[in-house]
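Enquirer: starting from these lines, generate the structure:
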Amino acid sequence: MMEIDFEWDEKKNEINQKKHGVSFEEAKSCFEDEHARVFFDVEHSKDEDRSILIGLSSELRTLIVVYTERVNGDDDLIVNRIISARKATKKEFQYYWNARKGDEP
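Expert: Alright, predicted model coming up:
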């Protein structure tokens, strides 16, 4: 069974908190949301594959989390590196809650 771990650049975390008011520690909690949705980030995946997660955090905020995923086959470990996190826009918020209710477009 694969284990999941998280990492991030602490300097980037500090910048993200100042800019968006969201810590990467809070963003990490969105991965525990069973209703979270994940999308491949085509626009920003030129150098590495990036994904976008929309989910509910431990602080009950709907967040957008951009991350990369690395699989270490030797250790059966998935490492999610958080790149950025912010509060969902009104449109993203509505999408998440409609999808959660089963009204996904």
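Enquirer: buried residues of stretch 6-25, list them for me.
Expert: 8, 13, 16, 22-24 (16 or more other CB atoms under 10 Å). (Each C-beta comes from the backbone N, C-alpha and C, glycine too.)
Enquirer: for that stretch, how far is the first residue from the last?
Expert: Using CA to CA, to the nearest Å, one end of stretch 6-25 lies 9 Å from the other.
Enquirer: how far is it from where the chain is centred?
Expert: A distance of 12 Å separates the centroid of the chain from that of stretch 6-25, by CA atoms, centre = their mean, to the nearest Å.
Enquirer: ok, and what's touching that stretch?
Expert: Stretch 6-25 has contacts (CB atoms under 8 Å, 6 or more residues apart in numbering) with 28, 31, 57, 61, 63, 79-87.
Enquirer: again, only using 6 Å
Expert: In this structure, residues lying in contact with stretch 6-25 by CB atoms under 6 Å, 6 or more residues apart in numbering are 28, 79-82, 84-86.
Enquirer: and which of these is nearest Glu3?
Expert: The closest of the contacts of stretch 6-25 to Glu3 turns out to be Val79 (CB to CB; 9.5 Å).
Enquirer: can you get me a residue count around that closest one?
Expert: 16 (other CB atoms under 10 Å).
Enquirer: got it, and the one 5 residues further on?
Expert: Each residue near Ser84 was counted by other CB under 10 Å, and the total is 21.
Enquirer: in this structure it contacts Val65, no?
Expert: No: using CB atoms under 6 Å, Ser84 is not in contact with Val65; the gap is 7.6 Å.
Enquirer: would you map the strands across the protein?
Expert: 3-7, 37-40, 51-56, 62-72, 77-87 (DSSP state E).
Enquirer: okay, the ones you listed in CSV with distance to Tyr95 and mean pLDDT next?
Expert: CSV is the format used below for the strands of the chain (distance: least, CB to CB, whole Å; pLDDT from 0 to 100):
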stretch, distance to Tyr95, mean pLDDT
strand 3-7, 24, 90
strand 37-40, 8, 93
strand 51-56, 7, 97
strand 62-72, 9, 92
strand 77-87, 14, 95
